[in-house]
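Asker: how does the following fold in three dimensions:
(one chain, ligands or ions: 1)
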Amino acid sequence: MATQMVLLNPVLTLISALVIPCISLVIAHLGETLRQISNEAHLTVAKLSEYLNEVLPSMLFVKASNAELCECSRFQRLAHADLSKNLRKKRMKALIPQIVQAIYVGVLLLLCFGSLVLLRSFFDGSRMVSFLTSLFLLVEPIQVIEKSDAVELDAVKGDVKFCDISFKYSDTSPLVLNKLNLHVKPGETIAFIGPSGGGKTTLTKLLLRLYDPLCGSILLDNCDIHKIQLKSLRRHVGLVSQDITLFSGSVAENIGYRDLMSKIDMDWVEHAARTANADGFIRKLSDGYETNIGPRGSILSGGQKQRLAIARAIYQNSSVLIMDEATSALDSKSEKLVRQAVERLMENHTVLVIAHRLETILMADRIFLLENGDLEEITQTSLLTKSGQYSSQISNEPVI
Ligand SMILES: Nc1ncnc2c1ncn2[C@@H]1O[C@H](COP(=O)(O)OP(=O)(O)OP(=O)(O)O)[C@@H](O)[C@H]1O
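Answerer: Predicted structure coming up:
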């Protein structure tokens, strides 16, 4: 387009070349302003939800302390701050395309007018239209500031690479991870052990892109996770969390959580439950797979909850699984059923497990000690000889 413009009229092209960077600067400035406003809006909504999470479960205490009015006004203050920040964000979002378009139209009109007045003699109408069209097509891509080139991954083998990863939670806090490198091959199970606060959970949070590393990159099947659509990344990387998040709703809805907004595949739900050793107890519930398990799965035992969480991971069918091993005590029969389910899970997935039980650690292909931001591979033998040293994190007993 630029060549075409030079051929049509070099003088006007020169003028346009001066104008285009100015437009880019204005657009970049608007984008930066929007980013700042968005950040502020995220903060206010975070404060509001933090407040609600704290106060709603303490309602009994609030009432007993006659503090309803005080809490009501605190809520109103936070809600109002959130509302005004979000309205500002919406206004800015709506305004930016209008401003950009107004600038384009203004510049085009200026160019039309200038060329008519100054160059009428050697710049006819058709050449003029051709020039302006070329200019428009040239400038158009500048506008795509919000378009993402993130890719969607269809199938993933489960190859994960952490390359020179460093991370800290804030500018003032110390490094949690320090130039850490790890290559996990497809189908491998890696156990992470280490002292509390060593950074095991943080490492897995980076893989899920809950946080971005300070430097370094994480690759999934050799594709930088920054370049993968977040939705796609989290479809391929599943999480079985330690606190076992179950929701009020039917067993089927909890297992088929991934498809809650579409159609849950009941055959696949039952397959997942069978693989996770959960089918037996589910069928004994009053309504089988349609039984409502109550808030946070309150009608289920600890072991049943764990098997349901594993069934959900199997249903999700992610190639990579992050498992933060639950530490709650189970009786030996239940413990065996859970262990079997975990073993089956490990068969078909790349698994990164934050392990607390010695048995789980020994099931892994490789074991890594994460301490003071560094990762050190240790063999089973040295683990067993050193087990006294890690005894606060590892136990043969189900409880740490
Ligand atoms: N959201 C957060 N903001 C600030 N610091 C955090 C946050 N989460 C964790 N940390 C800090 O980062 C460090 C690593 O925490 P992390 O949860 O990754 O450790 P961990 O090895 O998983 O510990 P544990 O075995 O006790 O779960 C700790 O010092 C912790 O205090």
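
Asker: quick one, what contacts V237?
Answerer: By Cβ atoms under 8 Å, 6 or more residues apart in numbering, the contact set of V237 is 207-208, 220, 318-322. Placement of C-beta: from N, CA and C, glycine included.

Asker: go again with 6 Å.
Answerer: Residues near V237 by Cβ atoms under 6 Å, 6 or more residues apart in numbering: 207-208, 318, 320.

Asker: gap between the helix or strand bottoming out on mean pLDDT in the chain and the chain center?
Answerer: Within the chain, confidence by mean pLDDT, DSSP states H and E is lowest for helix 125-139 among all helices and strands, at a mean of 74. Centroid displacement of helix 125-139 relative to its chain, using Cα atoms, centre = their mean, to the nearest Å, is 43 Å.

Asker: quick one: strands adjacent to the helix or strand following it?
Answerer: Using DSSP states H and E, the helix or strand that follows helix 125-139 in sequence is strand 160-167. Strands that pair with strand 160-167, judged by DSSP bridges, come out as strand 177-184 (antiparallel), strand 215-220 (antiparallel).

Asker: quick one: which of those strands is nearest L7?
Answerer: Relative to L7, the nearest member of those by Cβ to Cβ is strand 215-220, separated by 43.2 Å.

Asker: what are the buried residues along that closest one?
Answerer: For strand 215-220, a neighbour-count test (16 or more other Cβ atoms under 10 Å) marks 216, 218-220 as buried.

Asker: okay, it in PDB with CA atoms only?
Answerer: In PDB, the C-alpha atoms belonging to strand 215-220 read as follows (Å, rounded to 0.1, in the frame of the first residue of the first chain):
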ATOM      1  CA  CYS A 215      11.400 -13.700  33.500                       C
ATOM      2  CA  GLY A 216      11.700 -16.900  31.600                       C
ATOM      3  CA  SER A 217       9.100 -18.900  29.700                       C
ATOM      4  CA  ILE A 218       6.900 -21.900  30.100                       C
ATOM      5  CA  LEU A 219       6.200 -24.100  27.000                       C
ATOM      6  CA  LEU A 220       3.400 -26.500  26.500                       C
END
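
Asker: what mean pLDDT would you report for it?
Answerer: Per-residue pLDDT over strand 215-220 has a mean of 93.

Asker: report the strands that pair with the helix or strand following that strand, each with its relative direction.
Answerer: Next helix or strand after strand 215-220 toward the C-terminus (DSSP H and E): strand 223-224. Partner strands and pairing direction for strand 223-224 (DSSP bridges) are strand 215-220 (antiparallel).

Asker: got a list of contacts for the strand it pairs with?
Answerer: So strand 215-220 is contacted by 160-166, 207, 224-225 (Cβ under 6 Å, 6+ apart).

Asker: now that strand, how far from the chain's geometric center?
Answerer: 14 Å.

Asker: next one: D164 from the ligand, what distance?
Answerer: 18 Å (Cβ to the nearest ligand atom, to the nearest Å).

Asker: out of the contacts of strand 215-220, which two sit at the greatest distance?
Answerer: V160 and S166 (17.4 Å).

Asker: specify the local secondary structure of Y169.
Answerer: coil (DSSP: H, G, I helix; E, B strand; the rest coil).

Asker: what count of nearby residues applies to it?
Answerer: By other Cβ atoms under 10 Å, 12 other residues sit near Y169.

Asker: can you check T33 too?
Answerer: When neighbours are counted by other Cβ under 10 Å, T33 comes out with 12.

Asker: skipping adjacent residues, who's closest to it in space?
Answerer: M92 (6.7 Å; Cβ to Cβ, 6 or more residues apart in numbering).

Asker: helices or strands next to the longest helix seen in the chain in the packing?
Answerer: What stands out as the longest helix in the chain, according to DSSP state H, is helix 68-119. Judged by 3 or more Cβ pairs under 6 Å, 6 or more residues apart in numbering; DSSP states H and E, helix 68-119 is in contact with helix 10-55.
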